[in-house]
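Participant: Give me the fold of what follows.
(chains A and B)
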Amino acid sequence: GAGVSQSPSNKVTEKGKDVELRCDPISGHTALYWYRQSLGQGLEFLIYFQGNSAPDKSGLPSDRFSAERTGGSVSTLTIQRTQQEDSAVYLCASSLEGTGFYEQYFGPGTRLTVT
Amino acid sequence: GDSVTQMEGPVTLSEEAFLTINCTYTATGYPSLFWYVQYPGEGLQLLLKATKADDKGSNKGFEATYRKETTSFHLEKGSVQVSDSAVYFCALSDKFKAAGNKLTFGGGTRVLVKP
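Facilitator: Alright, predicted model coming up:
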């Protein structure tokens, strides 16, 4: 079956511009996570959605970052007024959720370059 | 907060050599421990997991044992192949904390296996 997909695969933007990154999770997965992979910070958690609950935004690095998940499926991560330090690979993962362990399946990522 | 420390790479080995990647963690709760692998040009994949102390995770010839007394989860493989060349990430999650199964990652270890 289809895995997690992300678009675009690469994005180059100028400093100060806004960008939107999209994630299509695996159908039926109720949990969705965004992570960021950068040279300086490694792999770090950004935000978590579970069903209709309020998202956990504890990992967002600044208020320039926001995310939404429409209809419990597709998610969009928005970065406003991009800065060079936002350059990174943005990864999305989805999983079933409930009691016990549920594997997170990762998408291929979006490589963001801010010039 | 929770953290994961793993040995820095790159680790360069010859085919059929023994591989060990050290990983230690700091957590206040009862984390589950994971090794993820990122092959060149591919997304993150779960390699193996252990959900409680003394559990041994294994997959594709790799093994790791959850050692609570030493807060470690070292990855081992007895005879590596060129196809094992990848970046390996140690990670933990504590589902009893916020953000469900949010993963906290180590910095990653690049492994290069030469024929």
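Participant: So what sits opposite B:Ile21 in the bridge?
Facilitator: Judged by DSSP bridges, the bridge partners of B:Ile21 are B:Leu75.
Participant: OK, contacts around it?
Facilitator: B:6-7, B:11, B:74-76, B:88, B:90, B:109, B:111 (CB atoms under 8 Å, 6 or more residues apart in numbering or on different chains). Every C-beta, even on glycine, is put in place using the N, C-alpha and C of the backbone.
Participant: Write out the residues of chain B neighbouring chain A.
Facilitator: Neighbours of chain A within chain B, by CB under 8 Å from any CB of the partner chain: B:32, B:42-46, B:49, B:51, B:89, B:91, B:95, B:98-108.
Participant: Inside helices: which ones of these?
Facilitator: Judged by DSSP state H, helices contain none of the residues of chain B next to chain A.
Participant: Generate a ChimeraX selection restricted to the buried entries among those residues.
Facilitator: To isolate the buried members of those in ChimeraX, using 16 or more other CB atoms under 10 Å in any protein chain shown:
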select /B:32,43,44,46,49,51,89,91,95,99,100,101,102,103,104,105,106,107,108
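Participant: Just the ones in strands from the residues of chain B next to chain A, please.
Facilitator: Per DSSP state E, strands hold the following members of those: B:32, B:44-46, B:49, B:89, B:91, B:104-105.
Participant: Farthest pair within the residues you listed?
Facilitator: B:Gln45 and B:Thr104 (17.8 Å; CB to CB).
Participant: for residue 36, which residues make a bridge with it?
Facilitator: I went with chain A, as the question did not name one. Assigned bridge partners for A:Arg36, using DSSP bridges, are A:Glu44, A:Tyr90.
Participant: Oops, wrong one, chain B.
Facilitator: Beta bridges link B:Tyr36 to B:Leu46, B:Phe89 when assigned by DSSP bridges.
Participant: That one is in contact with B:Ser93, isn't it?
Facilitator: No. In this structure B:Tyr36 lies outside contact range of B:Ser93 using CB atoms under 8 Å: 11.4 Å.
Participant: From the opening residue of stretch B:65-84 to its closing one, how far?
Facilitator: The first residue of stretch B:65-84 is 20 Å away from its last residue (CA to CA, to the nearest Å).
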